[in-house]
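Participant: Output the structure for:
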Amino acid sequence: MASDTAIAKADPLPSGDDEPRRPLKRFGGSRLGGLILALNLLSLLILFVGALLLNEWKRGLIEARQETLVAQAELLANVLADKEYTVGVPTPQFNVEKAPLLLRDNFIPAGQRARLFDIDGLLVADSYAVTEVIPGQPLPPARPAGTPAPAVDPALEARSGADVERARAALAAEVEAALDGQVQSTVRRSESGDRVVSVSIPVRHVQQVLGVLTLEAGDVDETLDAQRRALMPFALVALAVNLLGSLLLHLFVARPVMRLSAAADEVRLQRARAISLPDLEGRKDEIGDLARSLETMTETLSDRMDAIERFAADVSHEIKNPLTSIRSALETLPLVRTEAQREKLTGLLQQDVRRLDRLITDISNASRLDAELARDRPRTLDLTTLLSEIVGVYEAGRKAGEPRIAFEASTGDHTLVVGRDGPLGQVFRNLIDNARSFSPPDGVVRVTLSRDPADPDRPARVHIDDDGPGIPPDNLETVFQRFYTSRPKGTAFGANSGLGLSIARQIVEAHGGRIRAENRADAGGAITGARFEVALPLAAGRRG
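Facilitator: Residues are numbered from 1 along each chain as shown. This is a model prediction of the structure:
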C-alpha cells in the first residue's frame with residue numbers, strides 16, 4: 001500500500017483569497033512582461049523627455065540671446081555709422097573721442113561687453129574700459145598672520161595663458177570674418193575662460209565698412225547650470241521608478257522563484273512528494289502558471305510512484321502464486337510412485353511455467369508502455385483503415401471452430417484521430433482477443449465504428465461485442481484492474497495474465513479517450529453478451 005503523499009507548501013491563503021479573481025488585461029500576451037516593460041519604458045521616457053526639453057531650452061535660449069545681441073548690435077552700428085561718430089573725408093573713420101561714449105553703461109546692459117574694432121581689426125573702444133562698474137570677484141577672506149601664501153601651480157599659469165591666447169585668436173577670427181561683411185554669431189570662450197554668446201556685425205557708412213562691433217553675453221554657463229539643476233528632478237523621478245521596478249521584480253519574481261526552488265529542493269531531498277504553494281498558484285501571471293505546472297508535475301510523479309509501488313506489490317503477489325505451486329510440485333515429485341501421477345504433476349509444472357512466462361512477458365510490456373508512449377510521437381490516423389486491417393489479419397488466420405470477426409463502419413470511409421498506431425492497435429487486439437476467448441465456437445465478434453454527436457469531446461466510438469456469458473455487474477469496472485481474471489471453463493490455465501484490459505485502459509486514457517464495459521441484453525432483459533466501448537477524440541480538422 002502506498003504511503004500518504006507529503007506536500008511542500010507555503011502558508012495558506014487568508015480567508016477571502018479563494019474568491020475568483022477578476023482577470024487582468026494582458027499586455028503583449030504577458031501580464032508580468034507588460035509590467036516590466038511598462039516600468040522600464042516609463043523611466044526611459046522620463047529621461048528622454050527631460051533631456052529633449054532641456055536641449056530645446058538650451059538651443060532656444062542661445063538662439064534668443066543671439067537674436068537679441070544682433071538687434072542691439074545693429075542699432076548701435078547704425079548710430080556709430082552716423083557722421084557724428086565718424087571723421088575723415090572721403091575715407092571716414094571712427095571718432096575715437098565720441099564713439100566710446102555709446103559703449104557706456106546706459107547703452108550696454110549689465111552682463112554684456114561691447115567692443116569696437118576699426119577696419120584693420122584694431123580695438124577702438126571697449127565697454128569694460130569706459131564703464132563705471134569695477135569688474136572682478138570678491139576677495140577671499142584674509143588669512144591669519146604668518147600664514148604662507150598658497151603656491152601657484154606653474155602648469156596652471158601656463159595653461160591659463162594658453163587659454164587666453166586661444167580666446168583672443170577666436171575673437172580675432174570672428175572679427176576678421178565680420179570685416180568681410182557677414183554677421184557672425186558664435187558661442188566661444190572669453191579671455192577669462194567663461195563661455196559667452198558673441199555677435200560681431202560690420203559697421204557700414206553707406207556701403208563702406210568702417211569696422212566691427214562685437215557684443216558678448218557671459219551668462220551662458222549660468223544658463224547651463226540652471227538647465228542641469230532642472231534635470232535633477234527628472235533624474236530623481238527616473239531613479240525612483242527604477243528602484244520601484246527593481247523592488248517589484250524582487251517581490252513578484254525573485255522571491256516566488258526562490259520559494260519554488262526551495263519547495264523543489266524539498267521534493268528532491270525526499271522530504272515531500274509534491275509542491276503546493278496556494279498563494280503563488282492563485283496568481284494570474286507566468287509565476288502562477290509555473291507554480292501550477294510544478295504542482296501538477298510533482299503530483300503526477302507522486303501518483304506515478306504510488307502506481308509503481310502498487311504495481312510492484314501486485315507483481316510480487318502474482319509471481320509468488322506460480323512459484324509456490326512449482327515449489328510444491330517439485331517437493332512432491334520425489335514422493336510420486338506411479339507414472340500417471342508423475343505425468344499429472346509434470347503437466348501442472350508445465351502449466352505453472354507457461355503461466356509464469358506469460359506473466360513476465362505481460363509485466364515487461366506493461367512496464368515499457370509509458371516509455372513507448374513518450375517516444376512515439378502522435379500523428380493523424382485513419383481509425384477506419386486501422387480497424388479494417390486488424391480485422392483482416394484475424395480473418396486471414398482464423399482456424400476452424402474459432403469465432404469470426406466482423407467489422408462495420410457507419411461513419412463513412414474515414415474517421416481521423418490523433419494517436420499512435422502501435423499502442424492503439426494493441427488496444428483493439430486485446431479487446432478482440434478478450435471477446436474471442438468468451439465467444440462460443442463459430443461465433444461472431446462484432447467490431448463497429450460509429451460517431452456520437454452528443455459527445456463533442458470524444459465522438460469516435462468503437463464497440464467490440466461478443467456473444468459470451470457477459471460480465472457480472474459488480475465486475476464491470478473490476479475487469480480493468482491489473483491481474484484480474486475470470487475465465488470460462490475450458491480455457492487453458494495460465495494463458496491470460498489479467499493485464500490486457502488494464503493496458504488497454506492505460507493506452508486509451510493516454511490518448512485522451514475513455515474505455516468502459518457493459519452487458520448487452522435482449523428484449524426480455526437476458527444477457528446476450530459483453531460490450532467494450534472505446535471513445536476517442538477526433539483530429540482537429542475533423543471536429544464538428
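Participant: got any ranges where the stretch 101-250 of the chain has weak pLDDT?
Facilitator: 105-106, 131-140, 142-143, 145-160 (pLDDT under 70).
Participant: pLDDT-wise, which helix or strand of this protein ranks last?
Facilitator: When the helices and strands of the chain are scored by mean pLDDT, DSSP states H and E, strand 7-9 comes last with a mean of 56.
Participant: by contact count, what packs against the helix or strand just after that one?
Facilitator: Using DSSP states H and E, the helix or strand that follows strand 7-9 in sequence is helix 31-80. Here helix 31-80 touches strand 112-118, strand 184-189, strand 195-205, strand 208-217, helix 220-249, helix 286-332, going by 3 or more Cβ pairs under 8 Å, 6 or more residues apart in numbering; DSSP states H and E. To be clear about C-beta, it is placed using only N, CA and C from the backbone, and glycine gets the same treatment.
Participant: buried sites along the second one?
Facilitator: It stands for strand 184-189. Neighbour counts using 16 or more other Cβ atoms under 10 Å place Gln184, Ser185, Thr186, Arg188, Arg189 of strand 184-189 among the buried residues.
Participant: Tell me if I'm right that the last one and Arg166 touch.
Facilitator: The reference is to Arg189. Yes - with contact defined as Cβ atoms under 8 Å, Arg189 counts as touching Arg166 (7.2 Å).
Participant: Ile275: neighbour count?
Facilitator: Other residues near Ile275 come to 28 when the count uses other Cβ atoms under 10 Å.
Participant: right, I mislabeled it, should have said Asn95
Facilitator: So Asn95, with other Cβ under 10 Å, has 17 neighbours.
Participant: Isn't it up against Tyr85?
Facilitator: Yes - using Cβ under 8 Å, Asn95 is in contact with Tyr85, at 5.1 Å.
Participant: ends of stretch 467-478, how far apart?
Facilitator: Terminal residues of stretch 467-478 are spaced 20 Å apart (Cα to Cα, to the nearest Å).
Participant: Run through who's touching it.
Facilitator: Contact partners of stretch 467-478, identified using Cβ atoms under 8 Å, 6 or more residues apart in numbering, comprise 435, 438-440, 443-444, 479, 484, 486, 488, 516-520, 527-530.
Participant: what's the spacing between Leu236 and Asn40?
Facilitator: In this view, Leu236 and Asn40 are 17 Å apart by Cβ to Cβ, to the nearest Å.
Participant: next one: Phe532
Facilitator: If you measure Phe532 against Asn40 using Cβ to Cβ, the figure is 60 Å.
Participant: The two: who's more crowded?
Facilitator: Phe532 (25 against 13).
Participant: Give the pairing partners of the helix or strand hosting the more buried one; include direction for each.
Facilitator: Per DSSP H and E: Phe532 is located in strand 527-536. Applying DSSP bridges, strand 527-536 is found paired with strand 460-465 (antiparallel), strand 514-521 (antiparallel).
Participant: before we move on, the earlier item: which members of the contacts of stretch 467-478 are classed as buried?
Facilitator: For the contacts of stretch 467-478, buried by 16+ other Cβ under 10 Å: Ala435, Phe438, Ser439, Gly443, Val479, Ala517, Asn519, Thr528, Gly529, Ala530.
Participant: Surely the third one and Val445 touch.
Facilitator: Yes - in this structure Ser439 lies within contact range of Val445 using Cβ under 8 Å: 5.7 Å.
Participant: C-terminal to the helix or strand containing Lys344, what's the next element?
Facilitator: Taking DSSP H and E as the definition, Lys344 sits inside helix 339-375. Per DSSP H and E, the first helix or strand lying C-terminal to helix 339-375 is strand 379-382.
Participant: helices or strands next to that next one in the packing?
Facilitator: Under the contact criterion of 3+ Cβ pairs under 8 Å, 6+ apart, strand 379-382 touches strand 416-419.
Participant: After the strand it packs on, heading C-terminal, what element do we hit next?
Facilitator: helix 421-438.
Participant: re earlier: can you put the strands paired with strand 527-536 in CSV and add distance to Phe117?
Facilitator: Putting these into CSV (distance: least, Cβ to Cβ, whole Å) gives the following:
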stretch, distance to Phe117
strand 460-465, 101
strand 514-521, 103
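Participant: Using a markdown table, lay out those strands together with distance to Ala540 and mean pLDDT.
Facilitator: Below are the strands paired with strand 527-536 laid out as a markdown table (distance: least, Cβ to Cβ, whole Å; pLDDT from 0 to 100):
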| stretch | distance to Ala540 | mean pLDDT |
| --- | --- | --- |
| strand 460-465 | 13 | 92 |
| strand 514-521 | 19 | 91 |
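Participant: Out of those strands, flag the one nearest Pro90.
Facilitator: With Cβ to Cβ as the measure, strand 460-465 is the member of those nearest Pro90 (115.3 Å).
Participant: Residues contacting that closest one, please?
Facilitator: 383, 387, 411, 415, 417, 428, 431-432, 435, 445-452, 520, 529-538.
Participant: Next: stretch 242-256.
Facilitator: Applying Cβ under 8 Å, 6+ apart, the set of residues contacting stretch 242-256 is Leu32, Leu35, Ile36, Leu39, Asn40, Ser43, Leu280, Arg283, Asp285, Ile287, Ala291.
Participant: Check what pLDDT the second one gets.
Facilitator: Yep, that's Leu35 we're talking about. Per-residue confidence (pLDDT) for Leu35: 75.
Participant: Quick one: neighbours of it, just the number.
Facilitator: 18.
Participant: same check, this time on the third one
Facilitator: One way to gauge burial is a neighbour count; for Ile36, by other Cβ under 10 Å, it gives 17.
Participant: What is whichever strand or helix holds Leu171 packed up against?
Facilitator: Using DSSP H and E, the element containing Leu171 is helix 154-179. Counting contacts by 3+ Cβ pairs under 8 Å, 6+ apart, helix 154-179 is packed against strand 184-189, strand 195-205, strand 208-217.
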